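Peer 1: Give me a 3D structure for the following:
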Amino acid sequence: MVGSGIWYATVSALLWGGYLFGLKRYFSEFSPAVVIVAANAAGVAWYLPVVLFAPADGPAFGELTLPALALVALVLVASAAAYLALLYALSAGDVSYVAPLGKLVPVFTLPLEVLLVGERLTLPQVVGVGFATLAVYLANYQRTGPLAPIRRAATHRPAQLALGSAALYGGVDVGTRVLLQGVGIRADVWVLVYTGGVGAVLLPVAARRWPDEFAPAVPKFVALGAVVAVATHTMTRAFAVLPASVVSPILNTQAIVAVVLGGLLLGEDRFALRLAAGAVAIVGISLIAFG
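Peer 2: Numbering: from 1, shown residues only. Sure thing, here's the model as predicted:
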């Protein structure tokens, strides 16, 4: 069970890393809200036949109490906000800069699980938070003084958006764990609810920014939707069997994938330093997960 969960999380990380690169490379001319709504709609269309004709075992929903429904709504709204912030960060900055910062989700997942789910904090996890902080420092280092990276992380718009996205996704990951393992929502059903729900939350925003010449881009969005469907499915299967503090670190190795693709294929600056920042982030994330 644990082995399959790790496998699902790894596949999802590779897909999401390629997805981040693809957003920067092929979809930068579209509003972030339009990208999310169109890609998620395509993802639902791809995944719906799976749920209808090859559903997973067990009931579709567990005990859907009012608090559970409120948690579903909270997860969808928080995820929509996190997703939007991440795409705006990618629009404003390099993917190799944004990815390591936006994927420091476990730094925020850990304290939430300690407070809300009863996880215990260990010394390696504290050290892991230190490594994650070092990753933020390296990503912002420009040889302009020892405190300059801290100021840049606090004031640079892409950094603010990426770290804000990570904080929101920390709450989303904990909420997802509760819904799948506590409430008992079936994993394949949650893929549809999550993918379609996030798109629905952002639909009013996207409608105001919808481009007139959208039809030529439909094939691109159909392909992107397929990636969203498979990546969300594998991510959800991982959360169904593993704690969020284990799944999140594996998922967020997508930062390395995005940094490599951004540095090699887009020719972004300071590739080596950003790759080092991504690697340090993964060390910190791993300590948080397995500490």
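Peer 1: What are the buried residues along the host helix or strand of Leu161?
Peer 2: Assigned by DSSP states H and E, Leu161 belongs to helix 157-177. For helix 157-177, a neighbour-count test (16 or more other C-beta atoms under 10 Å) marks 158-177 as buried. Bear in mind the C-beta positions are built from the backbone N, C-alpha and C, glycine included.
Peer 1: so how far is it off the chain centroid?
Peer 2: In terms of C-alpha atoms, centre = their mean, to the nearest Å, the centre of helix 157-177 is set 8 Å apart from its chain centre.
Peer 1: how far is stretch 77-85 from where the chain is centred?
Peer 2: Distance, stretch centre to chain centre, for stretch 77-85: 10 Å (C-alpha atoms, centre = their mean).
Peer 1: Kindly apply the preceding question to stretch 222-239 instead.
Peer 2: With C-alpha atoms, centre = their mean, you get 11 Å for stretch 222-239.
Peer 1: 260 is where my numbering starts, stick with that
Peer 2: Taking 260 as the first residue, the last one we looked at is stretch 481-498.
Peer 1: Using CSV, list the CA coordinates for that stretch.
Peer 2: Extracted in CSV, the C-alpha atoms of stretch 481-498 (Å, rounded to 0.1, in the frame of the first residue of the first chain):
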residue,chain,number,x,y,z
VAL,A,481,-7.4,19.3,-24.6
ALA,A,482,-3.9,18.0,-24.3
LEU,A,483,-3.3,20.0,-21.1
GLY,A,484,-6.5,18.7,-19.7
ALA,A,485,-5.3,15.1,-20.2
VAL,A,486,-2.2,15.9,-18.1
VAL,A,487,-4.4,17.5,-15.5
ALA,A,488,-6.6,14.4,-15.3
VAL,A,489,-3.8,11.9,-15.0
ALA,A,490,-1.8,14.0,-12.6
THR,A,491,-4.7,14.7,-10.4
HIS,A,492,-5.7,11.0,-10.4
THR,A,493,-2.3,9.8,-9.4
MET,A,494,-2.0,12.6,-6.8
THR,A,495,-5.4,11.7,-5.3
ARG,A,496,-4.6,7.9,-5.2
ALA,A,497,-1.4,8.8,-3.2
PHE,A,498,-3.3,11.0,-0.7
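Peer 1: For it, what does the pLDDT average out to?
Peer 2: Mean pLDDT, computed over stretch 481-498, is 87.
Peer 1: Over to stretch 538-550?
Peer 2: 74.
Peer 1: likewise stretch 415-425?
Peer 2: 87.
Peer 1: Contacts only, for Ala517.
Peer 2: Going by C-beta atoms under 8 Å, 6 or more residues apart in numbering, Ala517 touches Gly276, Leu279, Phe280, Val354, Ser355, Ala358.
Peer 1: Show me just the buried residues among the residues you listed.
Peer 2: By the neighbour-count criterion of 16+ other C-beta under 10 Å, the contacts of Ala517 include these buried positions: Gly276, Leu279, Phe280, Val354, Ser355, Ala358.
Peer 1: what two of these are the furthest from one another?
Peer 2: Gly276 and Ser355 (11.4 Å; C-beta to C-beta).
Peer 1: hang on, the earlier thing: packing partners of the helix holding Leu420?
Peer 2: The contact analysis (3 or more C-beta pairs under 8 Å, 6 or more residues apart in numbering; DSSP states H and E) places helix 416-436 against helix 325-351, helix 354-361, helix 364-371, helix 382-398, helix 407-414, helix 477-500, helix 503-510.
Peer 1: Okay, angle between the fourth one and helix 354-361 too, please.
Peer 2: Comparing the axes of helix 382-398 and helix 354-361 via axes from the mean of the first three to the mean of the last three C-alpha atoms, to 10 degrees yields an angle of 150 degrees.
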